[in-house]
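Trainee: Model the following, please.
(2 chains)
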Amino acid sequence: MGMTMTQKILAAHAGLDSVKAGQLIEAKLDLVHGNDVTTPVAVKAFNTIGVKEVFDKDKVVVVPDHFTPNKDIKSAEHCKFIREFSHEKGLTNYFEVGQMGIEHCLIPEAGLVVCGDVTIGADSHTCTYGALGAFSTGVGSTDMAVGMARGVAWFKVPSALKFVLKNKPAKWVSGKDIILHIIGMIGVDGALYKSMEFTGDGLQYLSMDDRFTIANMAIEAGGKNGIFPVDEKTLEYVKEHSTRTPVIYEADEDAEYDAVYEIDLSTLRPTVSFPHLPENTKTIDEAKGLEMDQVVIGSCTNGRMSDMRIAAEILKGKKTNPNIRTIILPGTQKIWLQCVEEGLAKIFVEAGCVFSTPTCGPCLGGHMGILAKGERALSTTNRNFVGRMGHPESEVYLCSPAVAAASAITGKITDPEEV
Amino acid sequence: MNAHGKVFKYGNDIDTDVIIPARYLNSSDPKELAQHCMEDAIHSTVKFAENVKEGDIIVAEKNFGCGSSREHAPIAIKASGISCVIAKSFARIFYRNSINIGLPILECEDAANDIDMGDDVEVDFNTGVITNHTKNKTYQAEPFPEFMQEMFKVGGLVEQTKIKLGLK
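Mentor: Below you'll find the model as predicted:
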């Protein structure tokens, strides 16, 4: 029996000719990373293990991005602790405020992950790098600690779901709408413990940024990882960002899947997830008209350059609704600068938006846009759980940058076609 | 090895933001995290942190621990004194984290369906048998794979790594 793309990558990193679903393996890691929330716990565990050095100074990455620039004294203490650890261990890739970005925007941009890698990160959205044809998955701090010490992690080899994406999506249907549609279809545990492999002729219409967004939210369906086959767009991205050599794996013709879903992208509509689970999806036609208090455009899901450009295209020459606070968070310093150079920052500020330094900030209710009791936010982030962006009785609605920008103008959920 | 205590019962898709809201993640101190454990389970009739006692048990339905990878979630539960979490299914990162830090978790659909808030429940980890003393019923949980039993025996992934590296 053949192997899926994920199984092939895992087998190669476990030094095995083949693996099958359910098998427990130990695989070599090409990268281990953490942020300012998860790394402090990992460093304590690392110190308990008692090894002196990390397994490879170039392959351990620390990105303080959640509560940075430090939101309070306790966060500052955490950041200080991991900064000192990173310097003491001589990590090549510690990203200080001023160089940092949101980890899952930054790490691919910095060329630290390429096709064929196995990578773990102490952050659930580490599954983002599957867009590059790598196996990447989120883990906890203890796994990060052991990864830093030994350069390996234990895995239960996942079975897979195959998503065959067909045809061309309409103008305002983005990667975000595709993944929200899929989560609505299979549910928040629809891919529990499994790989989500995306394939089909529709991939040619999806930019790398669309693919990062789709892979990023595999975890919102419970998936272990999301993964895309490597094509010309992938190789072009890797060439532009990394000096490393990509390794291409392809699923076998006779690979076994638990289920195969065919999705006609041309039939999809802009999609919004209602509180309090990403699976509570409605099309824009069902969702429109609901009034909002805040709009957030950014995050590891939608803080990339094309997201910024789509938002600017809609906001250009317009004013946001006076009852709406619109917060725009580009994913990295490089994206921030590009927004300034292309005139996007001017469009945002003239429209009445906040244009922030990169941070995870409001996505997880950290800082930079916390909601009061009873308030509603429309957000391009990835989770709308109870209390996710602030007060336990506030609400978060998830959508694409186009829907978020259009809604910022009107003050209520709006079809981008109508502004 | 046994666990025995009063049950805190929850529903489907209890996410890690509910288990430990991000507003408290500027701390990594287990005791401090425990004070806010399950704080945003706003539909629950019982306040968890104020009522939980050493040895108590959490029972939930499907996909317990979904969302963020924050290990602070199983750490907060363990530091609250919870001796075992039983659910129909667990989100994968929460499952991994619990195994790694030595918080016992069991998958058992029958138990999750039948056990109610406040029931007096006992778990035998060697056999996977869950006894509900309140309802005079027993349920059989899925046994752990051998690999995970080994990890539990030595006290979690850090201790196992020490052994592998010859540091213990």
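
Trainee: now the strands: where do they sit in chain B?
Mentor: B:2-9, B:57-60, B:84-87, B:105-107, B:120-124, B:129-132, B:137-140 (DSSP state E).

Trainee: For chain A, tell me whether the fourth one is touching it.
Mentor: What that stands for is strand B:105-107. No: shown here: strand B:105-107 not in contact with chain A (CB under 8 Å from any CB of the partner chain), separated by at least 11.3 Å. (Each C-beta comes from the backbone N, C-alpha and C, glycine too.)

Trainee: Could you check the pLDDT of the most centrally placed residue in chain B?
Mentor: The centroid of chain B falls nearest to B:Val85 when counting by CA atoms, centre = their mean (3.1 Å). The per-residue pLDDT reported for B:Val85 equals 98.

Trainee: so it makes contact with B:Ala76?
Mentor: No: at 11.8 Å, B:Val85 does not count as touching B:Ala76 under the criterion of CB atoms under 8 Å.

Trainee: How about the contacts made by A:Glu26?
Mentor: A:14, A:152-155 (CB atoms under 8 Å, 6 or more residues apart in numbering or on different chains).

Trainee: Could you do A:Ile179 as well?
Mentor: So A:Ile179 contacts A:213-214, A:216-218, A:220 (CB under 8 Å, 6+ apart).

Trainee: top of the residues you listed by neighbour count?
Mentor: Ranked by the number of neighbours (other CB atoms under 10 Å in any protein chain shown), those place A:Thr213 first, at 32 neighbours.

Trainee: so how far is B:Phe48 from it?
Mentor: A:Thr213 sits 35 Å away from B:Phe48, going by CB to CB, to the nearest Å.

Trainee: Which of the contacts of A:Glu26 fall within helices?
Mentor: A:Ala14 (DSSP state H).

Trainee: could you pull out the helices for chain B?
Mentor: For chain B, the helices defined by DSSP H occupy B:16-19, B:30-35, B:48-51, B:72-79, B:92-101, B:109-114, B:146-154, B:157-164.

Trainee: need the contacts of A:Glu26 in JSON lines with distance to chain B, can you?
Mentor: As requested, the contacts of A:Glu26 are arranged in JSON lines below (distance: CB to the nearest CB, whole Å):
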{"residue": "A:Ala14", "distance to chain B": "14"}
{"residue": "A:Val152", "distance to chain B": "9"}
{"residue": "A:Ala153", "distance to chain B": "9"}
{"residue": "A:Trp154", "distance to chain B": "8"}
{"residue": "A:Phe155", "distance to chain B": "9"}
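
Trainee: What remains of the contacts of A:Glu26 if I keep only buried residues?
Mentor: A:14, A:152-155 (16 or more other CB atoms under 10 Å in any protein chain shown).

Trainee: so of the residues you listed, which ones are in strands?
Mentor: Using DSSP E, the buried ones among the contacts of A:Glu26 in strands are A:152-155.

Trainee: Could you dump these into TSV with pLDDT and distance to B:Ile20 added?
Mentor: Formatted as TSV, these follow (pLDDT from 0 to 100; distance: CB to CB, whole Å):
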residue	pLDDT	distance to B:Ile20
A:Val152	97	28
A:Ala153	97	24
A:Trp154	95	25
A:Phe155	96	25
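
Trainee: Residue 22: how many residues sit nearby?
Mentor: You didn't pick a chain, so chain A it is. A:Gly22 has 11 neighbouring residues, counting by other CB under 10 Å.

Trainee: meant chain B actually
Mentor: Around B:Ala22 there are 25 residues (other CB under 10 Å).

Trainee: B:Glu39 versus that one, what's the distance?
Mentor: Counting by CB to CB, the gap from B:Ala22 to B:Glu39 is 11 Å.

Trainee: For residue 18, which non-adjacent residue is closest in space?
Mentor: I'll assume chain A. Using CB to CB, 6 or more residues apart in numbering or on different chains and skipping the chain neighbours, the partner closest in space to A:Ser18 is A:Ala11 (5.6 Å).

Trainee: that answer is for a different chain, and I need it for chain B
Mentor: B:Asp40 (4.6 Å).

Trainee: how many other residues sit next to that neighbour?
Mentor: For B:Asp40, the neighbour count with other CB under 10 Å is 24.

Trainee: Flag every buried residue along the lowest-mean-pLDDT helix or strand in chain B.
Mentor: Least confident helix or strand, chain B: helix B:146-154 with a mean of 83, by mean pLDDT, DSSP states H and E. Neighbour-count burial for helix B:146-154 flags B:148, B:151-152 (criterion: 16+ other CB under 10 Å).

Trainee: Now do it: everything it contacts.
Mentor: A:24, A:154, B:99-100, B:102, B:104, B:125, B:144, B:157, B:160, B:163.

Trainee: Give me the buried subset of these.
Mentor: In the contacts of helix B:146-154, burial by neighbour count holds for A:154, B:99-100, B:102, B:104, B:125, B:144, B:157, B:160, counting by 16+ other CB under 10 Å.

Trainee: Quick one: which of those residues has the lowest pLDDT value?
Mentor: Ranked by pLDDT, the buried ones among the contacts of helix B:146-154 bottom out at B:Phe144, which has 76.

Trainee: quick one: it from A:Asn384, how far?
Mentor: 33 Å.

Trainee: cool, A:Glu418 as well?
Mentor: Taking CB to CB as the measure, A:Glu418 falls 23 Å from A:Asn384.

Trainee: Of these two, give the one with the bigger neighbour count.
Mentor: A:Asn384 (24 against 10).

Trainee: Surely A:Ala27 is in a strand?
Mentor: Yes: assessed with DSSP: H, G, I helix; E, B strand; the rest coil, A:Ala27 lies in a strand.

Trainee: partners of it in the sheet?
Mentor: A:Ala153 (DSSP bridges).

Trainee: Quick one: residues contacting the residue nearest to B:Glu39 when sequence neighbours are not counted.
Mentor: Nearest residue to B:Glu39, sequence neighbours excluded (CB to CB, 6+ apart): B:Pro21, at 5.9 Å. B:Pro21 is in contact with A:365, A:387, A:392, B:36, B:39-40, counting by CB under 8 Å, 6+ apart.
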